[in-house]
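S.K.: got a sequence here, can you build the structure:
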Amino acid sequence: MAYRYLSILSRKLVLALVISCSLGSCAYRFTNVVMTVPEGVQSIAVEGIYDTSREVIPHEILWTSLMEEFARNGRLVLTSKEEADALMTVQIKDAQVFPSGAPSSEAITKDPIVSDTDKGNPFAFKNLRRAGNWTTTETVTYTIEVEVHNLRTRETIFSRNYSTSGSFRSIRASSVAQTRSGYLLYEEALQARMKSMSEGIARKVVTDFLL
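M.R.: Next comes the predicted model:
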């Protein structure tokens with residue numbers, strides 16, 4: 001009887017806690033993390049990604065992931081810069097896409113013997129610029145600087161750097177696809193990896209900002 005009473009009491013306490021947090025300014029998580037909204041900030045805008053790296057990566061995926069995470073979290077209203085209380089800016093400071101993993105079956109690992117009479121075909125030699133075509137996987141990495149500015153007080157209320165990386169299957173070798181379709185397959189693989197990386201880093205950014 002006493003056990004049943006305690007069980008009912010526990011359920012009532014949990015229900016009261018959920019109602020209290022939903023009406024207040026906190027979001028209770030069963031991971032013991034309490035999220036709060038910065039004082040005076042009820043809405044936020046996410047500015048387009050400022051990419052100062054020399055690598056061409058689909059950085060708009062990160063921008064979309066950040067906005068989707070704010071919308072999913074629901075603690076702040078996502079709006080335009082003209083109507084927002086705060087503005088989040090993101091700069092990609094460094095980015096790289098480089099070959100990794102084992103050489104593919106088509107990889108040229110040894111240069112041909114050159115003689116005075118036979119100079120060899122240029123395509124038969126190893127070429128570092130072409131290395132991405134001949135490995136099984138490639139890796140993409142990037143480092144970003146995130147800042148949040150209070151547009152009412154003109155203060156920077158959040159500033160932090162984040163780095164992430166991930167690998168994807170290299171499918172640019174001619175044995176997999178012709179040059180044109182191979183390029184499209186490569187771009188799709190890169191974008192898929194960027195999406196998963198960006199979703200992960202967006203969750204981290206929003207959680208850190210609201211802690």
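S.K.: partner strands of the longest strand anywhere in the chain, with direction?
M.R.: Longest strand of the chain, by residue count under DSSP state E: strand 86-103. Applying DSSP bridges, strand 86-103 is found paired with strand 43-46 (parallel), strand 50-51 (parallel), strand 135-150 (antiparallel).
S.K.: any idea which helix or strand comes after the shortest one?
M.R.: Stepping forward along the backbone from strand 50-51, the first helix or strand reached (DSSP states H and E) is helix 60-73.
S.K.: ok so, going back, deepest of the strands paired with strand 86-103, which one?
M.R.: Of all the strands paired with strand 86-103, strand 43-46 carries the top mean neighbour count, a mean of 22, counting by mean count of other C-beta atoms under 10 Å. Glycine gets a C-beta too; all of them are placed from N, C-alpha and C.
S.K.: any idea which helix or strand in the chain has the lowest mean pLDDT?
M.R.: strand 26-28 (a mean of 40; mean pLDDT, DSSP states H and E).
S.K.: what angle sits between the lengthiest helix in the chain and strand 86-103?
M.R.: Criterion DSSP state H: the longest helix present in the chain is helix 179-210. Interaxial angle of helix 179-210 relative to strand 86-103 (axes from the mean of the first three to the mean of the last three C-alpha atoms, to 10 degrees): 130 degrees.
S.K.: and Lys93, which of the strands paired with strand 86-103 is closest to it?
M.R.: Closest approach to Lys93 among those (C-beta to C-beta): strand 135-150, 5.1 Å.
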